[in-house]
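1. Kindly generate the corresponding structure for this input.
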Amino acid sequence: MSTKIIESVSIITVLGILLRWAVSFHPYSGAGKPPMYGDYEAQRHWQEITLNLPVASWYTNSTDNDLLYWGLDYPPLTAYHSYLNAWLAWYLNPDYVALSTSRGYESPEHKLFMRYTVLIADLCIFIPAALLFMRVSSGLYLYKVAAKFDFLALMTYPGLILIDYGHFQYNNVSLGLFVAAVAALTASNDTLGAALFSFALNYKQMELYHALPFFFFLLAKCTAEKSWSESLIKLATIGGTVVLVFVILWSPYLTSIESLTQLMNRVFPINRGLFEDKVASVWCSLSIAIKFKELVNNFQMAKLCLVTTGLLSLPSCINLFQNGTIAHFKYSLVNVSFIFFLFSFHVHEKSILLVAIPACLLFSSESFMTSWFLGLTVFSMIPLLEKDGLFIASVALMPVLMIVYQVTVAHCQSLSLRCALTEGRTSLDVFLRRRGLVLFRASFALCVVLTLIYKCVQPPVRYPDLFSVLIAIVSCAHFLFFALYFHVRQFSLSKAKGFGKKKK
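-> Numbers count the residues shown, from 1 in each chain. I've put the predicted structure just below:
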């Protein structure tokens, strides 16, 4: 494959859209599975609720809003997005969102409508954000073409495509706002970056995975001002922007303590448990030997997760605060989100997307390790994707993207080698590349074998989740390895140089 092809922004964009639409022909979460159906029905039901009930009632249990049946559990911006989709749904066919009677509504026309709403979100938010990041970051690289490879990774990452267009969610909205926020900070537009990230956090609370790096990076920029007065003005401007976004979006629920508490309980449901299904987190892997549910209650476990996650996130955040470069910021986004996924409370398989998208922003400088990691994220979600009837889509998508990634990796490594020749790091790069290739081949073989076993071999009756657990443990071991690697990379950066900066 010619590198000229993968360097074309138009071709990359069209390829990304075609891959998304190809996956959309496959099944979705909960298709034809009453009484709860799945995430597809959750998104449709939220449209039904937001259209037919007053704003103040969206998060409150009532006769018309049974919270046990896919009650809203994301922040207000998700609800407002559902409301906009609901108006379009009502215009096309009122049966799509009829109160109570539309539960479990399924038809080919409705499936097409729902798929289009995800595509519209991509066209309006995620793809423009990826293009913006490519444009503003191109000036930071020694070779401008490197920014196009970051864009390629964002546009073709299979995990996000499979979850949004297969399983069915709108992760592209929150993650698109996140990418736009990173782009704004890269362009030194700190107030806009803070506002965009606040919108992302108000769409999905899982954006807390990225909150600490944003906080420490902006704090470092405030303290770097010439005087204390300028620092305080900048801090007040950024802080005021964040508060203003929250007040505007949460205003319908600030009328009473009861309303605010109800919303907070829905957004942060402690009673839902430590993790959901078999997920590649440290706690899930340890639970095979240690029965946490028998030792502590949910509230105590949540506090333990909070302390563990906070302490393990500090090294990356402190390093970011001390250095304050865009390079350190992007590595910290990956590292802290790794810690949150591995150690925080109530983790879902899909939460690995919050690590993968920041990793895509490092693709041109960490092409080999990032492409390896992105493939592992899909492997870690195999049980979920199989449950949704997306196994064929996953298997079909991966070889195509592995070919694209391998061509990109070869080109990126040739650029990295040229940079290394000028910095005296050639021996280290070659050493890492050789060892990494051996580990990658062993990892790839293990994942293929486990996937075939999961798909083709019947688990023991006594241990029906045996293969799902094995996939989770193997994925967790990989993620710990990647987390260690990216931490080392962050701490190896020079404050003066950092990766990807143009030489004066």
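2. Wait, residue 76 touches residue 202, no?
-> Yes - with contact defined as C-beta atoms under 8 Å, residue 76 and residue 202 form a contacting pair (6.2 Å). In this view, the C-beta of every residue, glycine as well, is placed from N, C-alpha and C.
3. Quickly list what's touching both of the two.
-> With contacts defined as C-beta atoms under 8 Å, 6 or more residues apart in numbering, the residues shared by residue 76 and residue 202 are 249, 250.
4. what's the average pLDDT for the helix or strand where residue 353 lies?
-> Counting by DSSP states H and E, the secondary-structure element that holds residue 353 is helix 353-360. For helix 353-360, the mean per-residue pLDDT is 97.
5. could I have it exported to CSV, CA atoms only?
-> Provided in CSV are the C-alpha atoms of helix 353-360 (Å, rounded to 0.1, in the frame of the first residue of the first chain):
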residue,chain,number,x,y,z
LEU,A,353,-12.1,3.6,24.7
LEU,A,354,-11.2,6.4,27.1
VAL,A,355,-7.6,5.1,27.0
ALA,A,356,-7.6,4.3,23.3
ILE,A,357,-8.5,7.7,21.9
PRO,A,358,-5.8,9.5,23.8
ALA,A,359,-3.4,6.8,22.6
CYS,A,360,-4.4,7.6,19.0
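6. and that helix, how far from the chain's centre?
-> Remark: helix 353-360 is offset 5 Å from the chain centroid, using C-alpha atoms, centre = their mean, to the nearest Å.
7. ok, now how distant is the spatially most central residue of the chain from residue 247?
-> The chain has residue 354 as the residue nearest its centroid, 2.4 Å off, counting by C-alpha atoms, centre = their mean. To residue 247, residue 354 is 25 Å away according to C-beta to C-beta, to the nearest Å.
8. what's the answer for residue 64, then?
-> In this view, residue 64 and residue 247 are 28 Å apart by C-beta to C-beta.
9. Against which helices or strands is whichever strand or helix holds residue 116 packed?
-> Assigned by DSSP H and E, residue 116 belongs to helix 108-121. Helix 108-121 sits against helix 9-23, helix 39-52, helix 76-92, helix 171-186, with contacts defined as 3 or more C-beta pairs under 8 Å, 6 or more residues apart in numbering; DSSP states H and E.
10. ranking those by burial, who's on top?
-> Burial of the helices and strands packed on helix 108-121 is given as mean neighbour count (mean count of other C-beta atoms under 10 Å); helix 171-186 ranks first at a mean of 26.
11. Check which helices and strands that helix is in contact with.
-> When contacts are defined as 3+ C-beta pairs under 8 Å, 6+ apart, helix 171-186 sits against helix 108-121, helix 127-137, helix 158-162, helix 190-203, helix 211-223, helix 326-343, helix 353-360.
12. next one: the longest one to chain centre, how far?
-> I take that to be helix 326-343. 12 Å.
13. Over to stretch 380-399?
-> 18 Å.
14. do stretch 252-272 as well
-> The answer for stretch 252-272 is 24 Å, by C-alpha atoms, centre = their mean.
15. tell me how far the ends of that stretch are from each other?
-> Stretch 252-272 has an end-to-end distance of 26 Å (C-alpha to C-alpha, to the nearest Å).
16. list the buried ones in the helix or strand encompassing residue 243?
-> Element membership for residue 243 (DSSP H and E) is helix 228-250. Within helix 228-250, the residues that count as buried by 16 or more other C-beta atoms under 10 Å are 231, 234, 235, 238, 241, 242, 245, 246, 249, 250.
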